[in-house]
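Colleague: I would like the atomic coordinates for the input below:
(3 chains)
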Amino acid sequence: MSVQTIPGAAAADAPQSSRWRSLVTQESVSTLVVSVIVGAAVILPLITLVVSSFKVLDSGGFDTTWGFDNYKRLFTDRIIPKAFVNTLIISFGSTVVATFFGVSLAWINARTNCPWRERLEPYNLIPFFLSPFVGAIAWHNLASSKTGLLNVWAREYLGIETHLLNVNNLWGVVWVTGIFFAPLVYLFVVGSLRRMDPSLEDSARTTGAGLFRTTMTVTLPLVMPGILSGAIIVFVTAAGEFGVPFKLSAPYGWETLTTQIFSKAVGDDANHYLGATMSMALGAICAAFIYVQQRYIAPRSFTTVTGKGFRPNVLDLGPWKWVAFGYNIAFIMVAVVMPILCLFIVSLHPVWEGRIFLNELTTINYEKTLFWWQSGAIKAATNGIYNSFFLAFVGASIAMVLSLVVSHMIHRTKGFGARLLDFLCVVPIGFPGIVLAMGVLVTYIQTPIYATLWIIMLGYITRFFPYGQRNISSVMLAISEELDQSSRMAGASWFTTLRRITIPLLKPGIFAGWVLLFIIFLRELSISIILYTSGTETLSVGVYYLANFENEPLTCALSIAQTVVLLICIIVFRRVAGREALTA
Amino acid sequence: MHSRKSTMRPIAVVAAPFVALIVSAGIGLSAELSPQEKKLVEGAKKEGAVTLLNPIFSDRTGELLGKAFVQHYNLGPNFKFNNLRKGTGQTVAQVRQEILARKFTVDILLVSAPAFFDEAAKRGAFEALDSAYWKNHADLSKTAGQYSNYPYVVVPFAYSFQPVWNSACPGMANFSADNYNDVVKADLKGKTIASDLTKSITYTNTAISLAEAGALDLKTYWDKLKATDPLVEFRTEPKMQMVITCQRPVDMWNLSGRVYQNVVKKTDLAKTIKIGSYKEGQVMLGNQAAVIKGGPNPNAARLLIDFMLKKEGTDIFIEGEAMYSFMKGYSPPPETKPYVFDLTKTRLLGLKDWVGAGKTAAAVRDAWQAKFQ
Amino acid sequence: MVNANDNRYVEVQGLVKWFGNDRAVDDISFSIPRGKFLTLLGPSGCGKTTTLMSIAGLHTIDAGSIRVGGVVYTSKAEGLFLPPEKRDIGMVFQSYAIWPHMTVAQNVAYPLEIRKVARAEIDERVAAVLRLVGLADMADKLATQLSGGQQQRTALARAIVSKPRLLLFDEPLSNLDLKLREQMRVELKRIQHEVGITSIYVTHDQAEALVMSDEIIVMSKGRIQQKGGPHQIYARPVNAYVSNFIGVANLLKGRVVEVTAPGRGAVEIEEGGRSIRLPCRLADGIGPGADAVVSIRPENVRARRENGDGRALEGEVIQAIFLGNCVDCRVRWGEYEWKVLAHPRDRLREGEKVYLRLDPEHTLAVLP
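Modeller: I've put the predicted structure just below:
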């Protein structure tokens, strides 16, 4: 029982107090820098948009005066109010479609004994990772009234007179957008269903409630916040979707706010001030919805998230399980396999006339879009590959670093700054890409980053880093603050703690966020299309360029290339991050 | 006795042919380049690059043009020729933005947009050109009613919307069109395309020009077109695709260049895709070109304008895009001849006031929109 | 090496901490001699954890100062603040905070690595401290493979391995089950005594405080109610709050009517219209005529079936719960319900009439 003395404690290694005022700690400097960066990146473009919306262009096209005319035009223009209505129709419609598929597939996957449901799950998610614009191109070639493959076959083999399907209208947009965003709802719901404490349902069953009643009165209400969150996200994302209506409905007379903003920004009647005004309207609607979702719905997540693995009740469907299986397979066929096959078929023809000519198949379209060393290659396409990869790698990395520091600030510091930052992080989600891109363009046109890849990267990071931040935050919330604190108490500086404790523990969230951002950047269209110039085309811009200036087969060839790359990313992601990694 | 004069004479006699040879060779070299061009070549070499923003030149044309340009002026293997292709609206919007921001990444703007060029020229946004070759184009372009504004704005070429159809489609075997009524006949119901005036200045100007020349009564004409239940689209390539796939076998307004390019891709199409011209008149849509003041490569830009106004340059993009040049006595290359009409044998239309057309454009567009959207 | 400072090794003066409009710590001052074990005891919200966190440096303070071993940790008046990582403190958190991505040995080695101790020495010291806490054979296990008690010990090992000048404990046993808690109380105390590091322990469990501490500070609403050794706190609470918090007490309001000797007197209780005079001890600060509360522990109330000298309080047994070694009774006396611990052999039954006698030695008048 010796009393261990602390040798020389009072003398040699006595810690020295430092001035209270010198708040220049590692922590405070980093947080200040990050706040400034995030604030500038998010707020500046929005301020520019707001200011621009009050400038009215004169007939000469160069000078502006201040006024409310742009806002008046929102109501008096021939097309804009219709475009607004169309946007609403598309948003509601896609939400319904996406929710239907998302909830049904989630329920089948998490709660029934559908055979091979673990194997099927990754395929259910694929549409989310592909480019909806490419999806629209595929569906156009599948189901446009005269030349769609399905219609041609229906005419030939089923004797149908005109056409079976017509995807070139608002319903086509609803369909394609709905399928592509169904995985969003799926992810929200399947996570809720899986993590639900079975005793909640069991206690209902023990009072005599049958399966159906339990599902209606216990399961569904508990999952409702998840469903609503997913639905709202789909609604907002669909409202901001540009590529699908641009391909499928705008050319046939149904414009949307996004296609109108695009043509006002860079069309013949270019008037980006009017475009800014429309962006304000669209952005305000989306932001309102996101606010509701964040404030009222997301916090009401009733399911308990614990480390203990619950085994939720699995329903035995009996022979109906094959029906469920068939339904899931059908979804995958329709949403993934058919469109990709169609793109592939079209891409192998020199010119597409609506019919398959086996003797004419050629790979020349791939050579023209991918083989950058060949002289006949189309620069806009081959540039796209390199640029997109660069943007994706570097952009995702920068965005994750930013997300890490921001998440740390939000969850580990208290006070007004943290709450402000949290708010700033949600804002970009509410504004469609094309809106943000306009703001970025006008704000930064006079800076050296204009007309380089860096302005596009700035647009990407600003718009999408909340996704990365959300991934990290969800993991960070699960990590007790005391783990960081105990490192400080053990003597480690703020930075060492970050390096040795926080980051290693956040690894799953960091990686998941990085891959998600990588995929999103690789397929991005709305921002790139506003900010690109010769030499800085991205993959999607390349596809757009080919669709605009070249023909369908070339467009499909590059689309297939993009799809293949994205599919590879998904496989890598699943392999490394595991099953739960995707649940938002 | 030999005087010095007598000694000189044999030397002079022997030397004369060599001197003549040298002198004539020298004249031969510089006969290719005008004095203005010569002044620009050194500067262009130093600048090392040029960026041409336009909606017309395909990758192939751009590459050929670039190679020929570099070779013609011997600009060296490291010279970068950037053909930046964007849609009509996008090109104008980008240059306008850059002018307003005083931040320039583009050297030459080449697009059909007279109103914009006029306004920008008034604001002093363009360099004053000194070209030895513009005079070859000036007369015919004026006769054809085109907008130019030398020394700021020139017109290197024009395109024109012509009727295009696919004779291989059902019911099209005996079809042909050489006037505006042919393309709105009742039996063409479900087979036509209406080009979207609201999305393009060029369609709008074509309509205004036809109305101005008394060639068409727009009001009744739109009704006739509407009666054929047309599909509305504005980009020429997708419309071309529709013709090729028989989705819509008749397009009243498409470009010789599009037909030509598709035939190059699939030679069979030469037999089935046909193109004509309108008796009432072909509206020539001249593409203006100007050098932007403050652009990164002013010397190379002026040199490129000269190149495009010369036969060597004109040959390249006329072959690539099957368009029309106002150069005196110019004859198009044989590959494109079947797709273009003879400028001397066709009624060429333009506008009296390309700039002011902007004001009537809104009314014309609204009228069209009321019918079709 | 004992020097004059060692009596006030930890010195907290005038500590104030606001959270919004709430004064979580309201002017607290105390000191701890070197090597001693002090417990901050109180219900949640009393300010004990905030005080601990302020000493740790994880919270900043709004007024006052904290000195440890002569070094100023923080002083609002002088504008000084030493960041937590420089304070040389070992801390055990409520959730243990064992890093899941490291093994036990790596967790424990961490503070030494930060201090850039040589690898060989780290291994030696880690092994020694793991032996001390009884985890010698768990060195290579990952944190997720440990039970609650084992994580506890790992946290303790990590806290003491760098021989800090101060140990802080934030309710470390509250997540363990009862048996383990009782066991760990004793273990912790033993280890602390062996290494001799000055310790501050925060808990709401008064049994823990009584078992482990050299000294206890009872806190309520940000203020110190009483500071003293376990015996003193238990037997001589200064006010009704402390009485009630530590152990169980019968509390009756009254007034001091007589002071017979220093610390002795009598208090008059009003009950159901009658006055009763109870001779008792007087706590500090109680003078004649002062309002007071009489505190009597249940084990100091004798319940008999006979009245004896007639001065006993007459009441009715309304509850008698057999606990094995005693009977927990409630006796109604007028409006008041007495808590009485009776001996099983008395066989008190519900409904019986009993007479309660109090011992003036164990009847204490305290501040209200």
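Colleague: okay, CA-based contacts and neighbour counts for the rest of this
Modeller: Will do.
Colleague: Looking at chain A, which residue is nearest chain C?
Modeller: Across chain A, the shortest distance to chain C (CA to the nearest CA) belongs to residue A:491, at 3.9 Å.
Colleague: Pretty sure that residue sits in a helix.
Modeller: No - the assignment for residue A:491 by DSSP: H, G, I helix; E, B strand; the rest coil gives coil, which leaves it out of any helix.
Colleague: Now it. Nearest residue, chain neighbours left out?
Modeller: Leaving aside its sequence neighbours, residue A:491 sits nearest to residue C:85 (CA to CA, 6 or more residues apart in numbering or on different chains; 3.9 Å).
Colleague: Kindly report the same for residue C:266.
Modeller: With CA to CA, 6+ apart as the measure, residue C:279 is the residue that lies nearest to residue C:266, at 4.1 Å, once sequence neighbours are left out.
Colleague: which stretches of the stretch 151-300 of chain C form helices?
Modeller: C:178-195, C:206-212, C:230-235, C:240-245 (DSSP state H, counting those that start in this stretch).
Colleague: Relative to chain A, which of the ones you listed is closest?
Modeller: Taking the helices of the stretch 151-300 of chain C one by one with CA to the nearest CA, helix C:178-195 is closest: 5.1 Å.
Colleague: which residues in the stretch 101-250 of chain B form strands?
Modeller: Ranges of strands within the stretch 101-250 of chain B are B:108-111, B:154-160, B:162-166, B:193-195, B:231-233, B:250-254, based on DSSP state E, counting those that start in this stretch.
Colleague: Lowest mean pLDDT across these, which one is that?
Modeller: The minimum mean pLDDT among the strands of the stretch 101-250 of chain B belongs to strand B:231-233 (a mean of 84).
Colleague: neighbouring contacts of it?
Modeller: Residues outside strand B:231-233 that contact it (CA atoms under 8 Å, 6 or more residues apart in numbering or on different chains) are A:251, A:252, A:253, B:190, B:192, B:193, B:194, B:195, B:196, B:239, B:248, B:372.
Colleague: try stretch B:157-175
Modeller: B:176-178, B:183, B:206, B:243-244, B:246, B:249-256, B:272-278, B:282-287, B:323-326.
Colleague: Low-confidence stretches in the chain?
Modeller: Chain wasn't specified; assuming chain A. Within chain A, the stretches with pLDDT under 70 are A:1-26, A:60, A:267-270, A:298-312, A:414-416, A:576-584.
Colleague: should've been chain C
Modeller: C:1-4.
Colleague: What residue spans form the domains of it?
Modeller: Domain segmentation of chain C under automatic domain parsing yields C:4-235, C:240-366.
Colleague: give me phi/psi at residue 347?
Modeller: As the question left the chain open, I've gone with chain A. Note on residue A:347: backbone dihedrals following degrees, to the nearest 10 are phi -70, psi -20.
Colleague: Ok, residue C:41 next?
Modeller: Dihedral angles of residue C:41 (phi, psi; degrees, to the nearest 10) stand at phi -120, psi 140.
Colleague: Repeat that for residue A:464.
Modeller: The phi/psi pair for residue A:464 (degrees, to the nearest 10) reads phi -110, psi -10.
Colleague: hang on, isn't it packed against residue A:429?
Modeller: Yes - at 7.3 Å, residue A:464 and residue A:429 qualify as touching, with contact defined as CA atoms under 8 Å.
Colleague: Report the contact partners of residue A:102.
Modeller: For residue A:102, the contacting residues are A:182, A:183, A:184, A:185, A:186, A:187, A:189, taking CA under 8 Å, 6+ apart as the criterion.
Colleague: and the host helix or strand of the third one, does that touch chain B?
Modeller: When elements are defined using DSSP states H and E, residue A:184 is found to belong to helix A:170-195. No - using CA under 8 Å from any CA of the partner chain as the criterion, no contacts between helix A:170-195 and chain B are found, and the smallest distance is 14.6 Å.
Colleague: could the helices of the stretch 151-300 of chain C go into CSV alongside mean neighbour count and distance to residue A:228?
Modeller: As requested, those are arranged in CSV below (neighbours: other CA atoms under 10 Å in any protein chain shown; distance: least, CA to CA, whole Å):
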stretch, mean neighbour count, distance to residue A:228
helix C:178-195, 15, 43
helix C:206-212, 19, 48
helix C:230-235, 18, 56
helix C:240-245, 21, 48
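Colleague: ok, how many other residues are close to the residue of chain A closest to chain C?
Modeller: Around residue A:491 there are 25 other residues, counting by other CA atoms under 10 Å in any protein chain shown.
Colleague: Apart from its chain neighbours, what residue comes closest to residue A:261?
Modeller: Taking CA to CA, 6+ apart, and ignoring the residues beside it in sequence, residue A:261 has residue A:275 as its nearest neighbour in space, at 4.9 Å.
Colleague: Who are the contact partners of the residue of chain C found nearest chain A?
Modeller: Distances from chain C to chain A, computed as CA to the nearest CA, single out residue C:85 as the nearest residue at 3.9 Å. For residue C:85, the contact set (CA under 8 Å, 6+ apart) comprises A:488, A:489, A:490, A:491, A:492, A:493.
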